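> missing the sequence, but the structure's below:
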């Protein structure tokens with residue numbers, strides 16, 4: 001989607017194309033460009049690293065959520081056993097690449113096994129507004145077992161109108177009042193990317209902020225990502241006597257801010273709050289939400305703020321007013337679980353929008369252990385610190401960090417160059433431990449086809465550890481994801497040669513030379529293989 005300039009003549013040097021003037025922030029073209037970007041890019045937005053997602057899509061945050069969701073299930077078994085055998089539905093909003101869902105499902109599966117809970121007690125629903133993402137999930141081999149046994153489903157969902165979920169695998173529909181169990185909602189990096197309202201409060205007076213957009217290039221010649229990157233944003237305050245909402249509960253929230261804030265610009269997540277309200281109607285029992293994003297839940301942190309700047313990363317994002325979500329839950333008699341210390345990178349909150357919210361003791365304990373005491377934000381801080389010391393790490397250091405990260409493939413990718421440097425010095429015990437860590441990392445890897453070919457790099461490490469047989473397995477995994485290339489085929493041939501399988505090595509080297517006839521290294525290795533594979537000369541007869 002591209003916007004048309006306000007005037008047809010090309011601007012003079014230093015002039016701007018005026019794209020939009022004096023529009024309410026929540027109805028700005030920014031949000032339509034955002035939708036167009038995700039529809040156009042699909043999973044490429046995450047594969048190419050344009051949209052940040054690691055901090056909310058790693059095994060550590062997935063473990064935190066799985067622990068809390070299992071605790072919530074136990075609470076519901078105790079408080080409302082009449083729900084029977086209906087699975088607890090976990091709905092992920094704006095699931096994007098699907099990587100968080102995979103980590104969550106794997107960790108929940110392990111926790112269920114430890115606790116003697118059948119995994120089918122849970123049903124996970126991936127949702128997104130971009131059809132391309134649903135197609136990607138449906139084809140991903142890591143999701144096959146979960147789709148096959150009914151633990152995973154998917155639905156297209158527009159968060160601005162979340163009226164129902166049409167599940168594409170089972171064919172079932174989830175809508176208002178259709179669930180006996182509460183709905184569990186996962187909303188990571190979602191509320192920062194959907195329309196928000198913007199207000200200015202000063203000395204007890206309220207102003208609605210209106211936005212104008214300009215660009216220094218013809219917007220008709222730019223795709224959504226290029227236009228979002230070049231937008232110039234200008235705000236104007238317009239005094240408003242009454243809150244611009246029909247819903248009394250939104251009016252009350254905004255009136256409280258007018259009273260409590262001294263001088264600030266306030267992002268107000270009316271669209272996100274409405275979405276949560278509608279999703280809560282899917283079950284008469286209410287809703288439990290887990291959400292991670294950059295944002296604030298403390299009222300004092302919302303005061304004294306300038307107009308927001310767009311954070312640009314292919315798409316755009318803004319900070320999330322988690323204080324509004326917490327107040328929304330409290331107004332309805334629910335409970336908001338929030339961090340007790342200031343976060344450095346990511347804020348993780350939970351809303352219990354249930355009539356008996358305070359009685360969910362196990363849920364509150366799990367949140368305290370896995371978010372408040374040490375959680376995703378603390379883990380991310382540790383990984384940033386650890387990165388500075390990688391050149392001095394021992395193999396034992398790296399293995400300890402890998403265990404802390406629950407064998408996170410992203411972190412492992414950072415440690416690989418150092419492991420390659422150390423590989424020649426590994427004793428038998430270290431080789432055994434590194435090999436086991438590699439298998440665990442691969443078991444938790446959800447490939448998107450990124451630039452880093454993890455399987456190929458692991459194969460190189462195993463080769464350096466004198467384990468050509470395992471190296472071959474990972475070269476084959478590399479080709480399954482990225483396809484064959486002459487470098488991989490050459491390396492596989494070297495493994496076969498070391499294993500004494502000279503004919504297999506020679507066959508691969510012939511393929512290499514077919515596409516790269518000038519590859520002298522392949523030609524020399526082929527000569528060695530053919531010489532080794534040749535039958536020994538016959539003995540001369542005794543005369």
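Perfect, thanks for sending it. This one's a predicted model, so the numbers in the text were calculated from it and none came from an experiment. Numbering: from 1, shown residues only.
> residue contacts, the nearest residue to residue 62 once chain neighbours are set aside?
Residue nearest to residue 62 in three dimensions, not counting chain neighbours: residue 103, with 3.4 Å by C-beta to C-beta, 6 or more residues apart in numbering. C-beta coordinates here come from the backbone N, C-alpha and C atoms, glycine included. Contact analysis of residue 103 by C-beta atoms under 8 Å, 6 or more residues apart in numbering lists 57-59, 61-63, 444, 446.
> need the contact list for residue 459.
Residue 459 makes contact with 471-475, 478, 491, according to C-beta under 8 Å, 6+ apart.
> please tabulate the residues you listed in JSON lines, including the columns secondary structure and neighbour count.
Putting these into JSON lines (DSSP: H, G, I helix; E, B strand; the rest coil; neighbours: other C-beta atoms under 10 Å) gives the following:
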{"residue": "471", "secondary structure": "helix", "neighbour count": "25"}
{"residue": "472", "secondary structure": "helix", "neighbour count": "22"}
{"residue": "473", "secondary structure": "helix", "neighbour count": "16"}
{"residue": "474", "secondary structure": "helix", "neighbour count": "22"}
{"residue": "475", "secondary structure": "helix", "neighbour count": "27"}
{"residue": "478", "secondary structure": "helix", "neighbour count": "25"}
{"residue": "491", "secondary structure": "helix", "neighbour count": "21"}
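> make CSV out of these and add pLDDT and distance to residue 229.
Formatted as CSV, the entries for the contacts of residue 459 read as follows, by pLDDT from 0 to 100; distance: C-beta to C-beta, whole Å:
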residue, pLDDT, distance to residue 229
471, 96, 42
472, 97, 44
473, 97, 42
474, 97, 37
475, 96, 38
478, 96, 33
491, 95, 39
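> what are the ranges of the helices in the stretch 251-400 of the chain?
If DSSP state H, counting those that start in this stretch is used as the criterion, the helices of the stretch 251-400 of the chain fall at 270-280, 322-331, 361-367, 376-387, 395-404.
> now for these, which one comes closest to residue 141?
For the helices of the stretch 251-400 of the chain, proximity to residue 141 was assessed by C-beta to C-beta; helix 395-404 is nearest, at 23.9 Å.
> after the closest one comes which helix or strand?
Sequence order places helix 409-422 as the next helix or strand after helix 395-404, per DSSP states H and E.
> so that following helix versus helix 395-404, what angle?
For helix 409-422 against helix 395-404, the angle by axes from the mean of the first three to the mean of the last three C-alpha atoms, to 10 degrees is 170 degrees.
> circling back to that earlier point, nearest to residue 529, of the helices of the stretch 251-400 of the chain?
Here helix 395-404 is closest among the helices of the stretch 251-400 of the chain (C-beta to C-beta), at 33.0 Å.
> next one: residue 314 from residue 153, what distance?
28 Å (C-beta to C-beta, to the nearest Å).
> can you redo the contacts of residue 103 as CSV with pLDDT and secondary structure?
What follows is the contacts of residue 103, written out as CSV (pLDDT from 0 to 100; DSSP: H, G, I helix; E, B strand; the rest coil):
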residue, pLDDT, secondary structure
57, 95, coil
58, 97, coil
59, 97, helix
61, 98, helix
62, 98, helix
63, 98, helix
444, 96, coil
446, 97, coil
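> ok, and the most crowded of those residues?
Most neighbours among these, by other C-beta atoms under 10 Å: residue 61, with 28 neighbours.
> returning to what we had before: element containing the residue nearest to residue 62?
Residue 103 belongs to helix 99-115 when assigned by DSSP H and E.
> could you do residue 147 as well?
Counting by DSSP H and E, residue 147 is part of helix 144-148.
> swap in residue 237?
Following DSSP H and E, one finds residue 237 within strand 232-239.
> as CSV, the contacts of residue 459 with distance to residue 149 would be great.
Formatted as CSV, these follow (distance: C-beta to C-beta, whole Å):
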residue, distance to residue 149
471, 33
472, 31
473, 26
474, 28
475, 31
478, 29
491, 37
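> how about the helices of the stretch 251-400 of the chain, which one is nearest residue 425?
Nearest of the helices of the stretch 251-400 of the chain (C-beta to C-beta): helix 395-404, 8.2 Å.
> centre of the chain to the helix holding residue 147, how far?
Between the centre of helix 144-148 and the centre of its chain there are 20 Å (C-alpha atoms, centre = their mean, to the nearest Å).
> run the chain-centre distance for stretch 514-532.
Here stretch 514-532 is found 44 Å from its chain centre; the criterion is C-alpha atoms, centre = their mean.
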